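Asker: what follows is a predicted protein model with its sequence.
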Amino acid sequence: MYALAVGIGTKNSKNKWLEVYYPRPVFKPEQILTNSIAEVTGYNGGNKDIELSAQDIAALAESMPDDAQKSLLTSLQGANRPIVLTLLDTDSALQSTPETYLKLHLLSHRFVLPNDQNLEGIYPLLPNVAWTEQGAVDLEDLEAMQIAERLKGRVLEVSAVDKFPKMTNYVVPAGARIAHSARIRLGAYIGEGTTVMHEGFVNFNAGAIGPNMIEGRISQGVTIESGTNLGGSASTAGTLSGGGNIVITIGKDCLLSANAGTGIPLGDRCTIEAGLYITPGTVVQILDEERNLVKPVKARELAGQSDMLFIRNSQTGMVECRTNRKAIELNKALHSHN
């Protein structure tokens, strides 16, 4: 079994799932746990969503061998919200909204790394909804709720209209600082010791291994290794934003300075100067230790290499690559007390 979880969900007026919150997902559960679930629910394999009745919840709570799951099920007895049990026998293509939310939870709970699980078919399974202080609302149901609230003298606050909710309404990872929670989507991986400042953004299936300082954008599919600093408004090209099929990883102890960016993978101890964006097709002048020209290359030929310093020559305008003699080091006091 790949994963399982009991979740509290939201449905629209047509009885379609909008979202699911899984407080305690289980990654690669023990066989005794799946056996106890099968005895109550009749589960016989495959990837399935089972909407639980009050009787199901009580029976599962009674028979559950796992203390954490038992206490969760006990707290759900008498719930007036839809309760769903999602079981993923294999890490295969997504088939439902509850399955999709479970896999996003696995990322934000740090059970899996970005790009390590199958997210094929994700977009059609995530409905575009209004995110309000009362939770997810179907766009077709929104006006009726707004009118009802106005008649009570209140305003229904709509903070976003999107397929993805903010992560912290579902998962708050330990040992991390997040200055502006709306800029971290559910499905982001925020490693321990990481600080995401107000202008930092982390998409789903992307993240920072930690510890890291993130003041720029981590696009979908991008992974930042430990010790790396993404400067103010720095950018990474994901598979949805110009990176094509190239999976962008940035190694350890790198620095993307303010307004810099990369569309190629970087190894360890690399620096890109402020304001410089390296795309795969950027022509880069390779310089030796004495700063003599070795040869010009397309940046894609340097993908994944370490100890590179990228600068733009202020006299010639050419992009140059030199040996990086000074790796950055994060402020340990800043990142070790999260």
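Answerer: Structure received. Residues are numbered from 1 along each chain as shown.
Asker: which residues does stretch 253-263 contact?
Answerer: Residues from elsewhere that reach stretch 253-263, judged by CB atoms under 8 Å, 6 or more residues apart in numbering: 215-216, 225-237, 242-243, 246, 248, 250, 266, 268-280, 299, 327-329. In this view, the C-beta of every residue, glycine as well, is placed from N, C-alpha and C.
Asker: buried ones among those residues?
Answerer: If you count burial by 16 or more other CB atoms under 10 Å, the buried members of the contacts of stretch 253-263 come out as 215-216, 225-237, 243, 246, 248, 250, 266, 268-274, 276-278, 280, 299, 327-328.
Asker: what about the residue nearest to residue 184 when sequence neighbours are not counted, neighbour count?
Answerer: Sequence neighbours aside, residue 167 is the residue nearest to residue 184 in space, at 4.5 Å (criterion: CB to CB, 6 or more residues apart in numbering). Around residue 167 there are 26 other residues, counting by other CB atoms under 10 Å.
Asker: which ones are touching residue 167?
Answerer: If you count contacts by CB under 8 Å, 6+ apart, residue 167 has them with 108, 181, 184, 185, 186, 187, 188, 190.
Asker: so what pLDDT did it get?
Answerer: Looking at residue 167, its pLDDT stands at 98.
Asker: residue 222 versus that one, what's the distance?
Answerer: The span separating residue 167 from residue 222 equals 16 Å under the rule CB to CB, to the nearest Å.
Asker: swap in residue 274?
Answerer: As it turns out, when the distance is counted by CB to CB, residue 274 lies 20 Å from residue 222.
Asker: so residue 212 touches residue 195, yeah?
Answerer: Yes. Counting by CB atoms under 8 Å, residue 212 does reach residue 195; the two are 7.4 Å apart.
Asker: the two: who's more crowded?
Answerer: In this view residue 212 and residue 195 are compared by other CB under 10 Å, and residue 212 has more residues nearby, 28 against 22.
Asker: neighbours of the residue lying closest to the more buried one once chain neighbours are set aside, just the number please.
Answerer: By the measure of CB to CB, 6+ apart, the closest residue to residue 212 outside its immediate chain neighbours is residue 194, 4.6 Å from it. Other residues near residue 194 number 27, with proximity taken as other CB under 10 Å.
Asker: doesn't residue 184 make contact with residue 194?
Answerer: No. Under the criterion of CB under 8 Å, residue 194 is not in contact with residue 184, lying 10.4 Å apart.
Asker: and the helices in the stretch 101-250 of the chain?
Answerer: Per DSSP state H, counting those that start in this stretch, the stretch 101-250 of the chain has helices spanning 122-125, 139-151. These are given in chain order.
Asker: wait, which of these is closest to residue 312?
Answerer: Evaluated with CB to CB, the helices of the stretch 101-250 of the chain place helix 122-125 nearest to residue 312, the distance being 37.1 Å.
Asker: which other helices and strands contact the closest one?
Answerer: Contacts of helix 122-125 with other secondary structure elements, assessed using 3 or more CB pairs under 8 Å, 6 or more residues apart in numbering; DSSP states H and E, are made with helix 97-108.
Asker: which other helices and strands does the helix it packs on contact?
Answerer: Using 3+ CB pairs under 8 Å, 6+ apart as the contact criterion, the neighbours of helix 97-108 among helices and strands are strand 3-11, strand 17-21, strand 83-88, helix 122-125, strand 188-190.
Asker: most tightly packed of these?
Answerer: Across these, averaging neighbours per residue (mean count of other CB atoms under 10 Å) puts strand 188-190 on top, at a mean of 29.
Asker: show residues contacting that strand.
Answerer: With contacts defined as CB under 8 Å, 6+ apart, strand 188-190 is touched by 107-108, 110, 113-114, 167, 173, 176, 178, 184, 196, 202-204, 206-210, 218, 223.
Asker: filter those down to the buried ones.
Answerer: Neighbour counting by 16+ other CB under 10 Å classes 107-108, 110, 114, 167, 173, 176, 178, 184, 196, 202-204, 206-210, 218, 223 among those as buried.
Asker: give me the subset of those that lies in strands.
Answerer: The members of the buried ones among the contacts of strand 188-190 that map onto strands under DSSP state E are 178, 196, 202, 206, 207, 208, 218, 223.
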